[in-house]
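Peer 1: dropping a prediction and its sequence here:
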There are 2 protein chains.
Amino acid sequence: MPALSNARLTDLLGVPLPILQAPMAGATTPAMAIGAARAGGLGALACALFTPDQARSAAQAFRAAIDAPLNLNFFCHATPAADPVGALAWRAKLARYYVEAGLDPAQAPPDAGRAPFDDAFCALVEALRPEVVSFHFGLPDDHLVARVKAAGCKILSSATTVAEAQWLEAHGADAIIAMGAEAGGHRATFLPQFADHLVHGLDMAAQPGLFALLPQVVDAVTVPVIAAGGIADPRGVAAALALGACGVQVGTAYLFTPEAQVPAAHRAGLEDARDDNTMLTDVFTGRPARAVVNRLMLEMGPLGSQVPPFPTAGGAIAPLRRGGESRDFVNAWAGQSARLAPRTLDSHDLTRWLAGAT
Amino acid sequence: MPALSNARLTDLLGVPLPILQAPMAGATTPAMAIGAARAGGLGALACALFTPDQARSAAQAFRAAIDAPLNLNFFCHATPAADPVGALAWRAKLARYYVEAGLDPAQAPPDAGRAPFDDAFCALVEALRPEVVSFHFGLPDDHLVARVKAAGCKILSSATTVAEAQWLEAHGADAIIAMGAEAGGHRATFLPQFADHLVHGLDMAAQPGLFALLPQVVDAVTVPVIAAGGIADPRGVAAALALGACGVQVGTAYLFTPEAQVPAAHRAGLEDARDDNTMLTDVFTGRPARAVVNRLMLEMGPLGSQVPPFPTAGGAIAPLRRGGESRDFVNAWAGQSARLAPRTLDSHDLTRWLAGAT
């Protein structure tokens, strides 16, 4: 597999293998990132559910274990204005599930978490100086991008369309992740074409699969392109390189490693995941994400359910999860190639196997 | 490209190159099929909009021009029972467009055409003995499949999920086309998982992209697998082979050849097609198909518009097309990789170029 030595990307990232372990908020652990890095890939830590202190601890655990490049990942959504009317309407739609679960639907739900990249996180980046900082949902404000660059970090972000890839290149991304519609978890979409945040259906209906997106992104930008979405085995890596990618980012396959931190109901969903039973849904957080179909998705309709904006929708769902035991309400993020992922490899061995380097 | 010599498929089909020109009802012409066959690919004629006599004439034109394998393609949907209530409700939803166009909404619309494979078509196959017969929407009844096989024809059909691929293998397909969600035109879907024909949204939301579908189909069946959907240049061919395909079927790229028969509004849509402006819609025929977004799709909602069953929905749309001049109502079928297709190659040269054989 000669294209695996694609130096444009590996030189940029400072890693021997063009395999990026995807940052997955909640599921990624320092152990997962350390394993991927030991194998020669790029290890990543997802900070979207972390406080700055938690992010610092995770990064320090990585640094203590290995001298290798680290990718710190942040969400960069805008925090929505408070909308007590919409929030209560959402709770009213969910009230029957509360009653069914013996919970009081009138009780105030917890906050949804998921903090965007801000001054505090940027100060942390300046202190930790990770080799790579990646963003989801576009890029933060220009002055924050400039500070991250001044700290010596290479900047990655994901594009779900050619237009987004061109925007990211114009705004300072050093490499672009072309995220096919097959990918699990939150779509990176940040330039809606047809609709605002309350009507995700049209934009999501137009999202291109990786076979279409990847070569069109490669043709449209000059920075290296990383393929993501639907890649879970060495065939997918080879195909992505044939389409012009300089490397791949793999998420779902790492959820099967022993280093992943996955609630029981999510794990059960992953075990059941097939080519044709995941969908994009906004019911869990307010932003479209690919999950294994479950009761909440089917009963609310997976998209366009008039859910409140990201990330506020998630607060009212949280009490229904009952500690991650109930499949009905747990967001079992998974890509369409989950079935291709090995079930017995750890993060190190998975990374090597993906690269054809076992 | 050594994998291009994948003999499992080329031996089965009797062609030198593992490139299948897709049959596209309305757009495919004998000249297109002849060009593809002269190049060494498998030429195809789509019969869904033909009477048996028209199909015979087209096949004879092919036979007169070249001694090469021919693929005759048929739809095998069930003809729906008459539903005057649903039909009139559909006309009522469209009535405002009739008035806007100066047409009488009370006038009976034409029939929708699109005849399924039946005894008459089967008798034609027995007389013409095409080397390959391909079906869309599954396979016809077992006794018709048996007659086609007895005539010496190899049988192809398309799968949009692993479950459909397994069904096709069990019911006699000699090779299976794995049709990624990127593909233009009608989805081949015939085993709905979540919904009946009036609620296509859930099934379509779960359709896998080619990166995910193809290797999972390759793993699930023993017959050769042909990749389709999102392939419009040699990179896509190489990637499909890397994922385990024995060959590819290409549709949209052939719509740009001079041999294609494409109404002006469809051609305009194809010129505008990008990675992110096509959607699956059932408003044109009653079955989901990928088209460049236009006014009818946006105003009706692309899917789940309570349209009558395939193919009856199309009759009431036809008068609005005004001879194919109006973008607003013309079904501009296109895949997500239309932008990758060359604009100046004829069918012969496109076929050679796709195979890396120029």
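Peer 2: On my side now, so go ahead. Residues are numbered from 1 along each chain as shown, chains lettered A, B, ... in the order given.

Peer 1: for the nearest residue in space to A:His77 that is not next to it in sequence, give me its contacts.
Peer 2: Nearest non-adjacent residue to A:His77, counting by CB to CB, 6 or more residues apart in numbering or on different chains: A:Phe137, 4.8 Å away. For the C-beta atoms, the positions are set from N, CA and C on the backbone; glycine is no exception. For A:Phe137, the contact set (CB atoms under 8 Å, 6 or more residues apart in numbering or on different chains) comprises A:Phe75, A:Cys76, A:His77, A:His186, A:Ala188, A:Thr189, A:Phe190, A:Arg287.

Peer 1: before we move on, what about A:Leu255?
Peer 2: A:Leu255 neighbours (CB under 8 Å, 6+ apart): A:Met24, A:Ala27, A:Val262, A:His266, A:Leu270, A:Trp333, A:Ala334, A:Ala338, A:Ala341.

Peer 1: make JSON lines from the residues you listed and add distance to A:Val250 to it.
Peer 2: Shown next, in JSON lines, are these (distance: CB to CB, whole Å):
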{"residue": "A:Met24", "distance to A:Val250": "10"}
{"residue": "A:Ala27", "distance to A:Val250": "13"}
{"residue": "A:Val262", "distance to A:Val250": "16"}
{"residue": "A:His266", "distance to A:Val250": "17"}
{"residue": "A:Leu270", "distance to A:Val250": "14"}
{"residue": "A:Trp333", "distance to A:Val250": "14"}
{"residue": "A:Ala334", "distance to A:Val250": "13"}
{"residue": "A:Ala338", "distance to A:Val250": "11"}
{"residue": "A:Ala341", "distance to A:Val250": "9"}
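
Peer 1: would you turn these into CSV with neighbour count and distance to chain B?
Peer 2: As requested, these are exported to CSV (neighbours: other CB atoms under 10 Å in any protein chain shown; distance: CB to the nearest CB, whole Å):
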residue, neighbour count, distance to chain B
A:Met24, 25, 18
A:Ala27, 23, 20
A:Val262, 20, 20
A:His266, 24, 19
A:Leu270, 22, 15
A:Trp333, 28, 15
A:Ala334, 27, 11
A:Ala338, 29, 9
A:Ala341, 24, 11
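
Peer 1: state the distance from the closest residue to A:Leu156 other than its chain neighbours to A:Glu126.
Peer 2: Nearest residue to A:Leu156, sequence neighbours excluded (CB to CB, 6+ apart): A:Ser134, at 4.0 Å. When distance is defined by CB to CB, to the nearest Å, A:Ser134 is 16 Å away from A:Glu126.

Peer 1: the two: which is more packed in?
Peer 2: A:Ser134 (26 against 14; other CB atoms under 10 Å in any protein chain shown).

Peer 1: interface residues of the stretch 101-250 of chain A facing chain B?
Peer 2: A:161-163, A:180-182, A:193-194, A:202, A:205-213, A:215-216, A:219, A:229-231, A:233, A:235-236, A:238-240, A:242-244 (CB under 8 Å from any CB of the partner chain).

Peer 1: for the top helix by length along chain A, which outside residues touch it?
Peer 2: Ranked by residue count and defined by DSSP state H, the top helix of chain A is helix A:84-100. Here helix A:84-100 makes contact (CB under 8 Å, 6+ apart) with A:104-105, A:109, A:296, A:300, A:305-309, A:312-313, A:316-317, A:319-320, A:329.

Peer 1: buried stuff in that helix?
Peer 2: A:Gly86, A:Ala87, A:Trp90, A:Arg91, A:Leu94, A:Tyr97, A:Tyr98 (16 or more other CB atoms under 10 Å in any protein chain shown).

Peer 1: in chain A, what residue is nearest chain B?
Peer 2: Residue nearest to chain B within chain A: A:Gly209 (3.0 Å; CB to the nearest CB).

Peer 1: using PDB, list the CA coordinates for stretch A:236-256.
Peer 2: Extracted in PDB, the C-alpha atoms of stretch A:236-256 (Å, rounded to 0.1, in the frame of the first residue of the first chain):
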ATOM      1  CA  GLY A 236     -11.700   1.500   3.300                       C
ATOM      2  CA  VAL A 237      -8.300   3.100   3.900                       C
ATOM      3  CA  ALA A 238      -7.100   1.900   0.500                       C
ATOM      4  CA  ALA A 239     -10.300   3.200  -1.200                       C
ATOM      5  CA  ALA A 240     -10.000   6.600   0.500                       C
ATOM      6  CA  LEU A 241      -6.400   6.900  -0.700                       C
ATOM      7  CA  ALA A 242      -7.500   5.900  -4.300                       C
ATOM      8  CA  LEU A 243     -10.000   8.800  -4.200                       C
ATOM      9  CA  GLY A 244      -7.300  11.300  -3.300                       C
ATOM     10  CA  ALA A 245      -7.200  11.400   0.500                       C
ATOM     11  CA  CYS A 246      -3.800  11.800   2.200                       C
ATOM     12  CA  GLY A 247      -5.100   9.900   5.300                       C
ATOM     13  CA  VAL A 248      -8.200   8.700   7.100                       C
ATOM     14  CA  GLN A 249     -10.000   9.400  10.400                       C
ATOM     15  CA  VAL A 250     -11.800   6.500  11.900                       C
ATOM     16  CA  GLY A 251     -14.300   6.800  14.700                       C
ATOM     17  CA  THR A 252     -16.800   4.000  15.200                       C
ATOM     18  CA  ALA A 253     -14.200   1.200  14.900                       C
ATOM     19  CA  TYR A 254     -12.500   2.600  18.000                       C
ATOM     20  CA  LEU A 255     -15.800   2.400  20.000                       C
ATOM     21  CA  PHE A 256     -15.200  -1.400  20.000                       C
END
